[in-house]
Each structure stands twice: as structure tokens, then as C-alpha cells.
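Colleague: following is a predicted model, sequence given first.
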Amino acid sequence: MPPPIKRRKTSQVEEVSFDFDARADYLTGFQKRKQQRIKKAKAENVEKDRLQRIEDRKQVSIVMSLGLDAESDTSITATRTTED
């Protein structure tokens with residue numbers, strides 16, 4: 001005699017609800033979400049530039065405290081030319 005056939009238990013879905021307002025918000029929100037991403041990226045770039053300026057000032061103050069001028073230190077001038 002063959003083994004018994006195993007049947008999957010399936011649950012019956014009584015009703016599927018569809019939210020038209022949520023769909024409309026999703027479809028019309030692409031431009032809003034894109035603008036939010038752009039705004040966030042600009043804010044991050046501003047913060048990154050601010051931190052870079054602070055770091056540049058620290059490097060200059062270290063060089064000046066050591067008694068070196070900025071033209072003789074090639075590592076600092078090389079980093080400045082590559083960032084511009």
C-alpha cells in the first residue's frame with residue numbers, strides 16, 4: 001500500500017482590502033522623497049566641508065607652531081591642490 005498523500009493546509013482569505021489613499025500617497029510621493037534625498041545630501045556635504053575646513057585649520061596651526069612655513073611643507077600643499 002502506498003504512503004498516505006500529505007495535503008497542505010491552506011487558509012482561506014476572507015477579504016482583501018485595498019487602501020486607495022495610501023496608494024495615491026505612494027504614487028505621488030516620488031518627487032517629495034527625491035527632494036528629501038537631495039536636501040539631505042546637500043546638508044551632509046555642507047557638514048563635510050565644515051569639518052574639512054576645521055581639519056585644514058588644525059593642520060595649518062600645527063605647521064605654524066612647529067615654525068615651518070606652509071610652502072616648505074609639501075604634504076600640506078599637495079593635499080590642498082588635490083582638494084581644490
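Modeller: Yep, it's here. Numbers count the residues shown, from 1 in each chain.
Colleague: who does the host helix or strand of Val46 touch, helix- and strand-wise?
Modeller: Per DSSP states H and E, Val46 falls inside helix 30-65. Helices and strands touching helix 30-65, by 3 or more C-beta pairs under 8 Å, 6 or more residues apart in numbering; DSSP states H and E, are helix 74-83. For glycine as for every other residue, the C-beta is placed from the backbone atoms N, C-alpha and C.
Colleague: buried sites along the helix holding Val46?
Modeller: Gln59, Val63 (16 or more other C-beta atoms under 10 Å).
Colleague: run the chain-centre distance for that helix.
Modeller: On the basis of C-alpha atoms, centre = their mean, to the nearest Å, helix 30-65 sits 13 Å off its chain's mean C-alpha point.
Colleague: for stretch 22-37, same thing?
Modeller: 18 Å.
Colleague: start to end distance for it?
Modeller: 21 Å (C-alpha to C-alpha, to the nearest Å).
Colleague: contacts only, for Thr28.
Modeller: Contact criterion C-beta atoms under 8 Å, 6 or more residues apart in numbering gives no residues in contact with Thr28.
Colleague: just the pLDDT for it.
Modeller: pLDDT, the model's per-residue confidence, is 91 for Thr28.
Colleague: how close does it sit to Ala22?
Modeller: Per C-beta to C-beta, to the nearest Å, Thr28 is found 11 Å from Ala22.
Colleague: where does the protein dip in pLDDT?
Modeller: Low-confidence segments of the chain, defined by pLDDT under 70: 68-84.
Colleague: farthest residue from the center of it?
Modeller: Distance from the centre of the chain peaks at Met1, with 63.2 Å (C-alpha atoms, centre = their mean).
Colleague: can I get stretch 45-60 in PDB, CA atoms only?
Modeller: Output for stretch 45-60, consisting of C-alpha atoms alone and laid out as PDB, is shown next (Å, rounded to 0.1, in the frame of the first residue of the first chain):
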ATOM      1  CA  ASN A  45      28.100  67.900   2.100                       C
ATOM      2  CA  VAL A  46      27.900  71.200   4.000                       C
ATOM      3  CA  GLU A  47      28.800  69.400   7.200                       C
ATOM      4  CA  LYS A  48      31.600  67.500   5.500                       C
ATOM      5  CA  ASP A  49      33.000  70.800   4.100                       C
ATOM      6  CA  ARG A  50      32.800  72.400   7.500                       C
ATOM      7  CA  LEU A  51      34.700  69.500   9.100                       C
ATOM      8  CA  GLN A  52      37.300  69.700   6.300                       C
ATOM      9  CA  ARG A  53      37.900  73.400   6.900                       C
ATOM     10  CA  ILE A  54      38.300  72.700  10.600                       C
ATOM     11  CA  GLU A  55      40.800  70.000   9.900                       C
ATOM     12  CA  ASP A  56      42.700  72.300   7.500                       C
ATOM     13  CA  ARG A  57      42.900  74.900  10.200                       C
ATOM     14  CA  LYS A  58      44.300  72.400  12.600                       C
ATOM     15  CA  GLN A  59      47.000  71.300  10.200                       C
ATOM     16  CA  VAL A  60      48.000  74.900   9.500                       C
END
